[in-house]
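My questions concern the predicted model and sequence given below.
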Amino acid sequence: MRQTFLGSGLLTAGALLVVYAAFDDITTDNSTAFTVEYSFLAVCGAWLLFLALRLFAARHRVLGSLSVAALAVALWAQFAIGLETAPGWWTPYVVFGVAYLWFWGLSATLVYSGLRPRLAG
């Protein structure tokens, strides 16, 4: 189980780097079609949903529930983020940022859980 957590944490970190790159491109590029970027976001979103379901299966219901909620609000927020919108402290950017930070925290927790030594007992 520890190796599963380690692998999931590392894969989640990789997915989050792809999410960052895709949103950076979407918000700063002058192109009008972002098919590749949105495809990457869809794949990363599918991984995060799969991870949340795996957390439920591993009886980590709180982590799974918070992950599903974070993914849902990030999906809502991403529709409002684009070239026409200036970054700032308005709801979609804050919501997306909080969800993004949640998944970084979850990734770190999973990596730590996979690396920590087993407790005697």
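Noted; the coordinates are in hand. Numbers count the residues shown, from 1 in each chain.

And for residue 47, the neighbour number?
Residue 47 is flanked by 17 other residues according to other C-beta atoms under 10 Å. Backbone N, C-alpha and C define where each C-beta goes, glycine included.

er, residue 94 I mean
12.

all helices for this structure, in order.
Along the chain, counting by DSSP state H, helices occupy 2-28, 35-57, 61-78, 91-115.

Take those and write them to TSV, including mean pLDDT.
Formatted as TSV, the helices of the chain follow (pLDDT from 0 to 100):
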stretch	mean pLDDT
helix 2-28	89
helix 35-57	94
helix 61-78	94
helix 91-115	93
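
now that we're looking at the residue positioned nearest the centre of the chain, how far away is residue 30 from it?
By C-alpha atoms, centre = their mean, the chain has its centre lying nearest to residue 103, at 4.5 Å. Between residue 103 and residue 30 the computed distance is 29 Å (C-beta to C-beta, to the nearest Å).

for residue 93, same thing?
20 Å.

now do residue 39
Counting by C-beta to C-beta, the gap from residue 39 to residue 30 is 20 Å.

Neighbour count: those two, which is higher?
In this view residue 39 and residue 30 are compared by other C-beta under 10 Å, and residue 39 has more residues nearby, 11 against 5.

Could you tell me how far the more buried one is located from residue 22?
Here residue 39 is placed at a distance of 9 Å from residue 22 (C-beta to C-beta).

now residue 9
Distance from residue 9 to residue 22, counting by C-beta to C-beta: 20 Å.

Check residue 111 too.
From residue 111 across to residue 22, the span is 22 Å (C-beta to C-beta).

Give me the more crowded residue out of those two.
residue 22 (21 against 18).

which ones are touching that one?
By C-beta atoms under 8 Å, 6 or more residues apart in numbering, the contact set of residue 22 is 34, 37, 38, 40, 41, 44.

I'd like to know which of these are buried.
34, 37, 40, 41, 44 (16 or more other C-beta atoms under 10 Å).

ok, of those residues, which one's closest to residue 78?
Of all the buried ones among the contacts of residue 22, residue 78 sits closest to residue 41, with 7.1 Å by C-beta to C-beta.
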